[in-house]
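Peer 1: below is the structure, and that's it, no one-letter string:
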């Protein structure tokens, strides 16, 4: 046994006397032979496997593939659990717990004899949560996402998980679909292991991990049940051992250039607006200067190239077979829209990784010369007296005729308050009305849930209206669509202007001008503010109280204020 190999783990397994005996003997109770303590890198495999997180339920098998790679490269793999945040089941929202996952994983990585880590994620919040943890510890790390499900199939057509839900809901309310047909469709949308196969938040964040350089090329798109998903995992195990030996850390990979690459890639793939909030939080952990306005400025010159739901027609399985994310990144690189020298976990630059990437289907992945949507149709950042610190809107998922709109507000203090009257045929609403749903932000709900794209009032659906302007301080699923203004900051619960809107007020939305204006005088706003009272806290104890007292606003990534930055990977003091 080597007493000091220069690795963190040697301060556990390379110790002599009682301390070393304790650490090694208890590990040997699992059947490991003494050779594993010979100074080889110890690689943690952080898995968010859970049967309560259906998107991540296959990660145990992915972990086995990672272990094979670690053993092959001369490392010692050890799997450990981290919180599974299943957007599908967790209430009030998985976003409430993203920061808790990041904090838990950070502490586990730092407190254990680990020299590097492979991060296994899948569902929406697990990917940014684990990346935030890795950024704060800054040990060599590789992300392996679980991959998308196979395409949904319903009555001879492809249907996308999430996206089809919103459409089926509208069809059910409008009488175009029966409850029995909906029940049958449930089993058609989600028919294999994996996360949503639309360009929702899970697919988007997997793509962001690859674009940032933290995930191996093609990793974002291999379907969860494809053998190449497990080949990629095995390769990741090999790669992380090399990263430890080369001392290549997340802080050297996730630089400002890497974030600019990710933002442009998000525009090119028609990615989720949730990428904005997650990338802002991740940058905050790394000390990388990144602002909300960067997402607008950097995306303006990037057309949407990928024809995927909810903005387009196809699904992630089609995207994979068409060439995957490398084909998109090569298009950007050839146009000078990619920082080609940004280092990645392969040890090569982003440009070198995709230099030979081919596109096999131009219906799915368009060229820059003939894009799916023109430049300037990605996520836009809005400002004005209704959103002094900003709001976002996904233009590619919006109705073009509503991007410039003036209408009267119909205000609700919660989604449930709206749904109580949404089916009322006497509801005073028409297609020009602006629905305002508030108290859905980080503190307000709490956790900033995906509730902003409320279904349209039934009376409008029966008339054939399919979209209207909605404004909210919450989020929207990346699988969703509609002309929805999101992430309004400051949120209503902290006294943002959204809290002061009255039903009947005129609101002017002008996306081309990047403005969101409440047509109320400053004097009237001051009078309303004087009479406003903040809502009571949601909890008197536990995580929810801590979250409510320390969460930042959406324009700062909704991290906790005391988690911004990093604590590094210094070895803690002995336990015995």
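Peer 2: Noted; the coordinates are in hand. For clarity, every value in this text was computed on a predicted model and none was experimentally measured.

Peer 1: would you agree residue 437 is in contact with residue 469?
Peer 2: No. In this structure, residue 437 is not within contact of residue 469 by C-beta atoms under 8 Å, at 11.6 Å. Heads up, the C-betas are built off the backbone N, CA and C, glycines and all.

Peer 1: ok, and what's touching stretch 455-469?
Peer 2: 166, 169-170, 173-175, 398-399, 402, 405, 407, 419, 422-425, 427, 429-435, 482-485, 507, 509 (C-beta atoms under 8 Å, 6 or more residues apart in numbering).

Peer 1: could you rerun that using 6 Å?
Peer 2: By C-beta atoms under 6 Å, 6 or more residues apart in numbering, the residues outside stretch 455-469 that reach it are 169-170, 173-174, 399, 402, 405, 422-423, 425, 427, 429, 431, 434, 482-483, 509.

Peer 1: quick one: which of the residues you listed sit in helices?
Peer 2: 169-170, 173 (DSSP state H).

Peer 1: which of these sits closest to residue 534?
Peer 2: For residue 534, the nearest member of the ones in helices among the contacts of stretch 455-469 is residue 169. The distance, counting by C-beta to C-beta, is 32.9 Å.

Peer 1: gap between that closest one and residue 132?
Peer 2: Counting by C-beta to C-beta, to the nearest Å, the gap from residue 169 to residue 132 is 33 Å.

Peer 1: with neighbour numbers in mind, choose between those two.
Peer 2: residue 132 (28 against 15; other C-beta atoms under 10 Å).

Peer 1: check contacts around that one.
Peer 2: Here residue 132 is in contact with 102, 282, 285 (C-beta under 6 Å, 6+ apart).

Peer 1: please identify the helix or strand for it.
Peer 2: Using DSSP states H and E, the element containing residue 132 is helix 126-137.

Peer 1: by how many degrees do the following helix or strand past that helix and helix 126-137 diverge?
Peer 2: Per DSSP H and E, helix 126-137 leads on to strand 141-145 as the next helix or strand towards the C-terminus. If you take axes from the mean of the first three to the mean of the last three C-alpha atoms, to 10 degrees, strand 141-145 sits at 180 degrees to helix 126-137.

Peer 1: what comes up buried for strand 141-145?
Peer 2: By neighbour count with 16 or more other C-beta atoms under 10 Å, strand 141-145 contains the buried residues 141-145.

Peer 1: now for it, which elements pack on it?
Peer 2: In terms of contacts (3 or more C-beta pairs under 6 Å, 6 or more residues apart in numbering; DSSP states H and E), strand 141-145 is packed against strand 116-121, helix 227-246.

Peer 1: try it again at 8 Å.
Peer 2: Applying 3 or more C-beta pairs under 8 Å, 6 or more residues apart in numbering; DSSP states H and E, one finds that strand 141-145 contacts strand 116-121, helix 126-137, helix 201-212, helix 227-246.

Peer 1: now for the ones you listed, which one comes closest to residue 561?
Peer 2: helix 126-137 (14.0 Å).

Peer 1: and the closest one, how far from the chain's centre?
Peer 2: The chain centre lies 12 Å from the centre of helix 126-137; the measure is C-alpha atoms, centre = their mean, to the nearest Å.

Peer 1: now that helix: average pLDDT?
Peer 2: In this model, helix 126-137 has a mean pLDDT of 98.

Peer 1: how about stretch 106-113?
Peer 2: What stretch 106-113 shows for mean pLDDT is 98.
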